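**Student:** Whatever this is, show me its structure:
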Amino acid sequence: MTGLVDAFSPSYAQARKKFLEAAAAAGLPIESHAHPLKGRDGEDLAMDVVRDGPVDADKLLIVSSACHGVEGYCGSGVQVFALHDAEWRAKAHAAGVATLYIHALNPYGFSHVRRFTHENVDLNRNFQDFSKPLPVNEAYREVHPLLLPEQWPPSADNQAAVMQYIATKGEAAWQAAISQGQHEFADGIFFGGTEPTWSNRTLRGVLHKHGASARSIAWIDLHTGLGPSGHGERIYAGEDDAVSIARARAWWDGGGATPVTSIYDGSSTSAFLTGLMWGAIYDECPHAETTGIAMEYGTVPVLDVMNAVRAEQWLNLHPDTPADKAAQIKAQMLAAFYTDTPEWKGQIVSQARQSMFQAVDGLAA
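**Tutor:** Next up, the predicted model:
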């Protein structure tokens, strides 16, 4: 088994190398979907898929990382550790559960330390029915001019306006206005896009292929950036269906020790969102009963996370920014979504491992 800290990496290129080496060491086939662009250091980018278990298994657990690129620094570590974890693999095999690891759903964002895709789209707001009118986020319209000022750091006037909004409407309203997603401002943040992204199309193909034989599917999607540092919130990921929510809570709540929250009843730290990625599983695997969570790990306070995203998007819109300032903004962004300490990494792996064991027990019941 690889060391816990060694499962994590300081760059996408190293993370991908460790993931592919772990799969090869386990004797597992690797399926790579090449991204059309190159990475920050000129490296190849790909959505890499590894299946541990028979192709005709009727029980499937999906473990995915880097839906929001930079969050892959956390998720990749979980996946690499799992591929080296003999006890975990034996547990899944004994229960007849195949595990599908999807590494770097958004490899461009992972490599370039961005939350968004190369199309500047938040992948987890992009799974809309684009043949219909898209949701309108009127609150984002109001705050968009404040989010991306002409200069960075923002002027005193801009900062005062932001604080006035928060003082008047509350921190939760500020978070919701920004993070809910929007489809109007292509240069803005949390942009859901106006058509399916490369990652959207590629993921659908992976789900369609690997979910074909499954009759019961569990999905754990790994995220960071909300909640107390190191705490993994299990957020229900699925349709607003009482039976499915109850099943998720029965699988993952640990007798109340690890409660499953929901955007539908207001118990989650996340705002109510639309266009979420898990919607693809219903389209691509309509024959299967699906139960999912987003595992959301806390890093720094939410206002710091939002400011880091604002700064990084400002940098994306100002490519002529001096190198030292650009490096500072990227470092701030990475710190907002990845805490590079052994203690934090230990919390991440232990909670992810627990949730994976819980998923196998649920699938096998």
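
**Student:** Please count neighbours and contacts with C-alpha atoms only from this point.
**Tutor:** Noted.

**Student:** Give me the helices and strands touching the helix ranked longest in the chain, please.
**Tutor:** Assignment by DSSP state H gives helix 342-364 as the longest helix of the chain. Counting contacts by 3 or more Cα pairs under 8 Å, 6 or more residues apart in numbering; DSSP states H and E, helix 342-364 packs against strand 59-64, helix 72-84, helix 86-94, strand 97-103, strand 216-229, strand 232-236, helix 242-252.

**Student:** need the ones you listed in JSON lines with distance to G266, mean neighbour count and mean pLDDT, can you?
**Tutor:** As requested, these are arranged in JSON lines below (distance: least, Cα to Cα, whole Å; neighbours: other Cα atoms under 10 Å; pLDDT from 0 to 100):
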{"stretch": "strand 59-64", "distance to G266": "25", "mean neighbour count": "25", "mean pLDDT": "98"}
{"stretch": "helix 72-84", "distance to G266": "25", "mean neighbour count": "27", "mean pLDDT": "98"}
{"stretch": "helix 86-94", "distance to G266": "33", "mean neighbour count": "15", "mean pLDDT": "98"}
{"stretch": "strand 97-103", "distance to G266": "29", "mean neighbour count": "25", "mean pLDDT": "98"}
{"stretch": "strand 216-229", "distance to G266": "14", "mean neighbour count": "23", "mean pLDDT": "98"}
{"stretch": "strand 232-236", "distance to G266": "11", "mean neighbour count": "26", "mean pLDDT": "98"}
{"stretch": "helix 242-252", "distance to G266": "14", "mean neighbour count": "18", "mean pLDDT": "98"}
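
**Student:** quick one, which of the ones you listed is nearest to M306?
**Tutor:** Closest to M306 of those is strand 216-229 (Cα to Cα; 9.2 Å).

**Student:** Show me what the closest one is packed up against.
**Tutor:** Short answer (3+ Cα pairs under 8 Å, 6+ apart): strand 216-229 packs on strand 59-64, helix 72-84, strand 289-298, helix 302-317, helix 323-337, helix 342-364.

**Student:** one more time with 10 Å, if that's ok
**Tutor:** strand 59-64, helix 72-84, strand 97-103, strand 232-236, strand 289-298, helix 302-317, helix 323-337, helix 342-364 (3 or more Cα pairs under 10 Å, 6 or more residues apart in numbering; DSSP states H and E).

**Student:** For V49, identify the helix or strand it belongs to.
**Tutor:** Secondary structure from DSSP states H and E places V49 in strand 44-52.

**Student:** and the angle from that strand to strand 97-103?
**Tutor:** 170 degrees (axes from the mean of the first three to the mean of the last three Cα atoms, to 10 degrees).

**Student:** Can I get stretch 299-314 in PDB? Just the C-alpha atoms.
**Tutor:** Output of stretch 299-314 as PDB, limited to C-alpha atoms (Å, rounded to 0.1, in the frame of the first residue of the first chain):
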ATOM      1  CA  THR A 299     -11.000  23.900   3.500                       C
ATOM      2  CA  VAL A 300     -11.200  27.600   4.400                       C
ATOM      3  CA  PRO A 301     -14.200  29.900   5.100                       C
ATOM      4  CA  VAL A 302     -16.600  30.200   2.300                       C
ATOM      5  CA  LEU A 303     -16.000  34.000   1.700                       C
ATOM      6  CA  ASP A 304     -12.300  33.200   1.300                       C
ATOM      7  CA  VAL A 305     -13.200  30.500  -1.300                       C
ATOM      8  CA  MET A 306     -15.500  32.900  -3.200                       C
ATOM      9  CA  ASN A 307     -12.800  35.500  -3.200                       C
ATOM     10  CA  ALA A 308     -10.200  33.000  -4.500                       C
ATOM     11  CA  VAL A 309     -12.600  32.100  -7.400                       C
ATOM     12  CA  ARG A 310     -13.100  35.700  -8.200                       C
ATOM     13  CA  ALA A 311      -9.400  36.400  -8.200                       C
ATOM     14  CA  GLU A 312      -8.700  33.400 -10.500                       C
ATOM     15  CA  GLN A 313     -11.400  34.400 -12.900                       C
ATOM     16  CA  TRP A 314     -10.100  37.900 -13.000                       C
END
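
**Student:** can you give me how far it is from the chain middle?
**Tutor:** 16 Å (Cα atoms, centre = their mean, to the nearest Å).

**Student:** Which positions within it qualify as buried?
**Tutor:** For stretch 299-314, a neighbour-count test (16 or more other Cα atoms under 10 Å) marks 299-300, 302, 304-314 as buried.

**Student:** quick one: average confidence on that stretch?
**Tutor:** For stretch 299-314, mean pLDDT rounds to 97.

**Student:** if I look at A98, how far off is A365?
**Tutor:** 15 Å (Cα to Cα, to the nearest Å).

**Student:** Could you dump the helices and strands packed on strand 216-229 into a markdown table with distance to E119 added?
**Tutor:** Formatted as a markdown table, the helices and strands packed on strand 216-229 follow (distance: least, Cα to Cα, whole Å):
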| stretch | distance to E119 |
| --- | --- |
| strand 59-64 | 20 |
| helix 72-84 | 18 |
| strand 97-103 | 19 |
| strand 232-236 | 27 |
| strand 289-298 | 23 |
| helix 302-317 | 12 |
| helix 323-337 | 19 |
| helix 342-364 | 29 |
